[in-house]
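Q: okay, structure incoming, though there's no sequence with it:
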C-alpha cells in the first residue's frame, strides 16, 4: 500500500485488504490450535503405550532378581529407581495439565480451536515479569528429576545422561533475535492453552522414552543373558515307576532347563561314570539292573563348568521293584504338567496289563486313538484315576495328581529369532514380527501377532497393526545408527480359545 495522498476509494480498498489479511491470520491460528490438539492426542497415546512397555520390562527384571538376587538384584534396583523417578515426575506434569484442562468448558475438550487462552499458565507461573513460587517449583522439579536420574544411573549410560542434560536444561534461552530470555518466560509465557498442554505432554513423552532407553540397556546387558547353572535341577524320567524282578530299569536323566545343547562334563550314577556314548542330546540314557523286590535309589551327580568354576548338580530319585502289578504308570507324553486350554496327550498304562483292559477317568480326560487327551479348564490340580483288570478278573486301581498350569508367557520373535538377534537394516525392514512359546514348549501351538510397538533410540515409539514395519516405523529405522538396539515391544498375540499372557519384548542390534 503506497504512501502519499489517497482517494477515499483507495483507502477503502486498503482497509478491506487489511481485514482480509487479518481473517487469513485468524484462520491459520485456528488451524494451528487444531494441529496442536491432534499432536497432543498422539503423544498421550504414545505415553500410555510406553508406560505399559516400561512396566513389563521392570516386571521382567524383578522376576529375574527374585530367582537370582546375586546376579540381578543391583540391575533390578536401578530399574526400580528409574521407574519411581519417572512416575513421580510424570505425575507432577500431569497435575499441571489437569489444572489447565479444569478451565475448559465441559464438552469442549476436543474443540482445540477454542483453547486459545494464554492467561492460565501466565497467572500460575508469573507475576508481571517475575516468576511466582509455582514457576520456581516447576524449574526445581525438572532439575531434581534430571539430577536424580543421573545419580540413579551411576556409571555408564553416557548417551542417556547427555539426553537428560539436553532435554531437561532450565538455563536461559536465546530467542531468534539473539536475546537471552529466562527459561520459563521463553517456554511458557503467552502461549495458548492447547500449546502449553502439548509441550507438557511432550515433556512426559521425553520422560517415558528415556525410561524406555534405560530399561532396554538393562535388559540387553551382560547380566540379562542365560540363568546361572546354580538354578538348574536334574530331572530323572523313568519309563515307568515300577518294575518286575529281572527287568531293566529304563528312562533318562536330563537337565532341568530343558536345553538339549547343554551337555554335562561328567555324570556319575550309583558310583559309575557314564561314558559320552550314553549321553544323547543332553540326556543321560539310563539303564540299570532292577535287583530284588523293594525300593531302590538312584544317586549321583552332574558336573558343569561355568566360567572358571565347576558346578555340581546332585541326582536323587527312587523306584520300586515289585513282584506283580500294583501301581499304575501315568505320564504326560510331552511334559510333567498339563496346560489349561489346550489338548494334552496322555499315555496311561498299568504295568503288565494290556491297554484294552485299562481305563482312566478324570475331569477333561477323553480317549483319543490308543491314548488319552486331557483338556483341563479350571483349578490348579487334576486327579487321574486308573483301573486295570488282571487276567484272573480282579481289579487293581491307582491315581495320580497332575498340576494344571496356564500357557507360558509367549516370547516375541523377529523372523523366528529371539535370542541375541542382530540384523542388517534392509533385512530388518522386511522382517516379520511373531511370537512363540519357546523351544522348550513341545506343543505345536503358534500365537498370531496382531499389533506391536517399534522403538528406535531417540525417536517416539510407533504403534503398528499386523506383523511388519509400516512406513513410519521404516522411516525411524533409517534414522537409527549402526550398533543401536531397536525394540519390538507391546506385542499383542492371540490363540483361539486361550487367554495369553503378555508377550515379552524382543530387541535387535543393527549391523549397519
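A: Looks like it arrived, so ask away. Computed from a predicted model, the values in this text were never measured in an experiment.

Q: ok, the closest residue to residue 497 other than its chain neighbours - contacts?
A: Leaving aside its sequence neighbours, residue 497 sits nearest to residue 341 (CB to CB, 6 or more residues apart in numbering; 6.3 Å). In this view, the C-beta of every residue, glycine as well, is placed from N, C-alpha and C. Neighbour list for residue 341: 375, 377, 406, 407, 495, 497, 498, 499 [criterion: CB atoms under 8 Å, 6 or more residues apart in numbering].

Q: what residues are up against the closest residue in space to residue 490 that isn't next to it in sequence?
A: Leaving out its chain neighbours, the residue that sits closest to residue 490 by CB to CB, 6+ apart is residue 453, at 3.8 Å. Residue 453 makes contact with 49, 50, 53, 461, 462, 463, 464, 487, 488, 489, 490, 491, according to CB under 8 Å, 6+ apart.

Q: got it, and residue 433?
A: Residue 433 sits next to 412, 413, 414, 449, 452, 467, 468, 488, 491 when contact means CB under 8 Å, 6+ apart.

Q: closest to residue 121 out of the residues you listed?
A: Nearest to residue 121 among the contacts of residue 433: residue 452, at 36.9 Å, using CB to CB.

Q: any figure for the gap between that closest one and residue 445?
A: 20 Å (CB to CB, to the nearest Å).

Q: what about these two, which has more around it?
A: residue 452 (30 against 16; other CB atoms under 10 Å).

Q: show me where the stretch 251-400 of the chain has its strands.
A: Along the stretch 251-400 of the chain, the segments classed as strands by DSSP state E, counting those that start in this stretch run 266-269, 272-273, 279-280, 283-289, 294-306, 309-321, 328-332, 338-339, 344-350, 358-361, 365-368, 371-374, 381-389, 395-405.

Q: could you identify which of those is most buried?
A: Comparing those by mean neighbour count (mean count of other CB atoms under 10 Å), strand 338-339 ranks first with a mean of 24.

Q: for that strand, the distance to its chain's centre please.
A: On the basis of CA atoms, centre = their mean, to the nearest Å, strand 338-339 is displaced by 23 Å from the centre of the chain it belongs to.

Q: next, format the contacts of residue 453 as CSV and append distance to residue 209 and secondary structure.
A: Shown next, in CSV, are these (distance: CB to CB, whole Å; DSSP: H, G, I helix; E, B strand; the rest coil):
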residue, distance to residue 209, secondary structure
49, 11, helix
50, 7, helix
53, 11, helix
461, 8, coil
462, 12, strand
463, 14, strand
464, 17, strand
487, 11, strand
488, 16, strand
489, 12, strand
490, 14, strand
491, 19, strand
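
Q: could you chop this protein up by domain?
A: 24-220, 230-323, 325-406, 411-510 (automatic domain parsing).

Q: worst average pLDDT in the ones you listed?
A: Ranked on mean pLDDT, the bottom entry among the domains of the chain is domain 230-323, at a mean of 71.

Q: so which strand or helix has residue 163?
A: helix 158-167 (DSSP states H and E).

Q: most neighbours among the contacts of residue 341, which one?
A: residue 407 (19 neighbours).

Q: tell me the secondary structure at that residue.
A: Judged by DSSP: H, G, I helix; E, B strand; the rest coil, the three-state class of residue 407 is coil.

Q: that one contacts residue 498, correct?
A: Yes - using CB atoms under 8 Å, residue 407 is in contact with residue 498, at 6.1 Å.

Q: near the closest residue to residue 97 other than its chain neighbours, how many other residues are there?
A: Leaving aside its sequence neighbours, residue 97 sits nearest to residue 200 (CB to CB, 6+ apart; 5.2 Å). Residues lying near residue 200 (other CB under 10 Å) number 21.

Q: so residue 200 sits against residue 96, correct?
A: Yes - counting by CB under 8 Å, residue 96 is a contact partner of residue 200 at 5.8 Å.

Q: identify the bridge partners of the residue nearest to residue 490.
A: residue 463, residue 489 (DSSP bridges).

Q: separation between it and residue 212?
A: According to CB to CB, residue 453 and residue 212 sit 10 Å apart.

Q: name the nearest residue to residue 494, ignoring sequence neighbours.
A: residue 448 (5.4 Å).

Q: show me what contacts that neighbour?
A: Contacts of residue 448 (CB under 8 Å, 6+ apart): 435, 493, 494, 495.

Q: next one: stretch 482-496 to chain centre, how far?
A: 8 Å.

Q: likewise stretch 88-103?
A: Counting by CA atoms, centre = their mean, stretch 88-103 comes out at 28 Å from the chain centroid.

Q: contacts for it?
A: By CB under 8 Å, 6+ apart, stretch 88-103 touches 47, 109, 117, 120-121, 124, 138, 141-142, 145, 193, 196-197, 200-201, 203-204, 207-208.

Q: at 6 Å instead, please
A: With contact meaning CB atoms under 6 Å, 6 or more residues apart in numbering, stretch 88-103 is reached by 120, 141, 145, 193, 197, 200, 203, 204, 207.

Q: the last one touches residue 83, doesn't it?
A: Meaning residue 207. No - look at residue 207 against residue 83 with CB atoms under 6 Å: they stay out of range, at 10.9 Å.

Q: these two: which is more packed in?
A: Under the criterion of other CB under 10 Å, the comparison of residue 207 against residue 83 puts residue 207 first, with 25 against 20.

Q: residues of the strand or helix carrying the more buried one that come out buried?
A: Assigned by DSSP H and E, residue 207 falls within helix 193-220. Of the residues in helix 193-220, 193-219 count as buried by neighbour count, 16 or more other CB atoms under 10 Å.

Q: check which helices and strands it sits against.
A: helix 8-67, helix 69-101, helix 158-167, strand 485-494 (3 or more CB pairs under 6 Å, 6 or more residues apart in numbering; DSSP states H and E).

Q: for residue 295, which of these is the nearest?
A: helix 8-67 (33.0 Å).

Q: buried residues in stretch 79-90?
A: Under the neighbour-count criterion of 16+ other CB under 10 Å, stretch 79-90 has 79, 81, 82, 83, 85, 86, 87, 89, 90 buried.

Q: skipping adjacent residues, who's closest to residue 150 in space?
A: Residue nearest to residue 150 in three dimensions, not counting chain neighbours: residue 161, with 5.4 Å by CB to CB, 6+ apart.

Q: counting neighbours, what do you get for that neighbour?
A: 15.

Q: go on, residue 502?
A: So residue 502, with other CB under 10 Å, has 19 neighbours.

Q: SS state for it?
A: Here residue 502 is recorded as coil under three-state DSSP.
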